[in-house]
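In: mind folding the following:
(2 chains)
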Amino acid sequence: EAQVTQNPRYLITVTGKKLTVTCSQNMNHEYMSWYRQDPGLGLRQIYYSMNVEVTDKGDVPEGYKVSRKEKRNFPLILESPSPNQTSLYFCASKRDRSYNEQFFGPGTRLTVL
Amino acid sequence: EDQVTQSPEALRLQEGESSSLNCSYTVSGLRGLFWYRQDPGKGPEFLFTLYSAGEEKEKERLKATLTKKESFLHITAPKPEDSATYLCAVQAGGNTGKLIFGQGTTLQVKP
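Out: The predicted structure is shown next:
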């Protein structure tokens, strides 16, 4: 089954404790993104990657890091999480940077205390 | 600045009561407009892509249309299972592949 998977699905952590949210897709897609979704603000892109070893900032990259060492994986790293990073996070992928549909993972609900 | 605005924010319908959701956009060089459905706590699920004014797409009780300034998602004879948040997104010209999302319309269909 074609899908985007994320882990963990739920995470409660404390300020400053480094964490990684994993994302993997099995569709051989070149383009992958991370979004956060907050009430009243909608979906905002954090980082994106057009291919292996090619990443760039989205609209809200502060406090986040990403890497793309393999085509299928695109982890999101929070080096020192803060409470304002409490949010619902989605990983997404699409075939390439052109105008094709994007597929989303199930989401990771992160709470930073 | 590229922008997407959806209206209404929330819509309550009785089962069988048809209606439309609106997505207005201002972008430099529209390359694609996308509709997604999102259930609470889940990832958005792709519904339609529209590429040019005049284009229409249908799927079961849903029909999406596109003009040069807006898109409509028409829901005909909705059922309670159509209750969800419907998101509109646009991809403008440029080479980032970025989608710009509206804030969504939350639809509730009562039996």
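In: could you pull up the contacting residues of the closest residue to A:Met27 other than its chain neighbours?
Out: Residue nearest to A:Met27 in three dimensions, not counting chain neighbours: A:Ala2, with 5.0 Å by Cβ to Cβ, 6 or more residues apart in numbering or on different chains. Quick note: C-beta positions are derived from backbone N, CA and C, even for glycine. Neighbouring residues of A:Ala2 by Cβ atoms under 8 Å, 6 or more residues apart in numbering or on different chains: A:26-27, A:103.
In: most neighbours among these, which one?
Out: Among the contacts of A:Ala2, A:Phe103 has the most neighbours (other Cβ atoms under 10 Å in any protein chain shown), with 20 neighbours.
In: so how far is A:Val54 from the residue of chain B found nearest chain A?
Out: Residue nearest to chain A within chain B (Cβ to the nearest Cβ): B:Gly97, separated by 3.1 Å. To A:Val54, B:Gly97 is 11 Å away according to Cβ to Cβ, to the nearest Å.
In: higher neighbour count, the two?
Out: Under the neighbour definition other Cβ under 10 Å, B:Gly97 and A:Val54 were set side by side, and B:Gly97 has more, 23 against 11.
In: contacting residues around the more buried one?
Out: A:31, A:48, A:50, A:94, A:96-98, B:91 are the contacts of B:Gly97 under Cβ under 8 Å, 6+ apart.
In: before we move on, what about B:Pro8?
Out: By Cβ under 8 Å, 6+ apart, the residues touching B:Pro8 are B:21-22, B:105.
In: A:Leu110: which of these is nearest?
Out: Among the contacts of B:Pro8, B:Thr105 lies closest to A:Leu110 (Cβ to Cβ), at 25.8 Å.
In: contacts for the longest strand along chain A, please.
Out: In chain A, taking DSSP state E as the definition, the longest strand is strand A:42-51. The contact list for strand A:42-51 (Cβ under 8 Å, 6+ apart) reads A:30-38, A:55-61, A:64, A:66, A:68, A:71, A:74, A:76, A:89-90, A:96-97, B:44, B:87, B:89, B:96-99, B:101-104.
In: going through those, which ones are buried?
Out: Among those, those classed as buried by 16 or more other Cβ atoms under 10 Å in any protein chain shown are A:30-37, A:55, A:58, A:60-61, A:64, A:66, A:68, A:74, A:76, A:89-90, A:97, B:44, B:87, B:89, B:97-99, B:101-104.
In: grab the nearest non-local neighbour of the residue of chain A found nearest chain B.
Out: For chain A, the residue closest to chain B is A:Arg97, as judged by Cβ to the nearest Cβ, at 3.1 Å. Ranked by Cβ to Cβ, 6+ apart and with sequence neighbours excluded, the top spatial neighbour of A:Arg97 is B:Gly97, at 3.1 Å.
In: can you tell me which residues contact B:Val109?
Out: Contacts for B:Val109 (Cβ under 8 Å, 6+ apart) come out as B:12-15, B:78-83.
In: same check on A:Phe103?
Out: Going by Cβ under 8 Å, 6+ apart, A:Phe103 touches A:2-4, A:25, A:27, A:29, A:92-94, B:46.
In: mind running it again at 10 Å?
Out: A:2-4, A:25, A:27, A:29, A:91-95, B:43-46 (Cβ atoms under 10 Å, 6 or more residues apart in numbering or on different chains).
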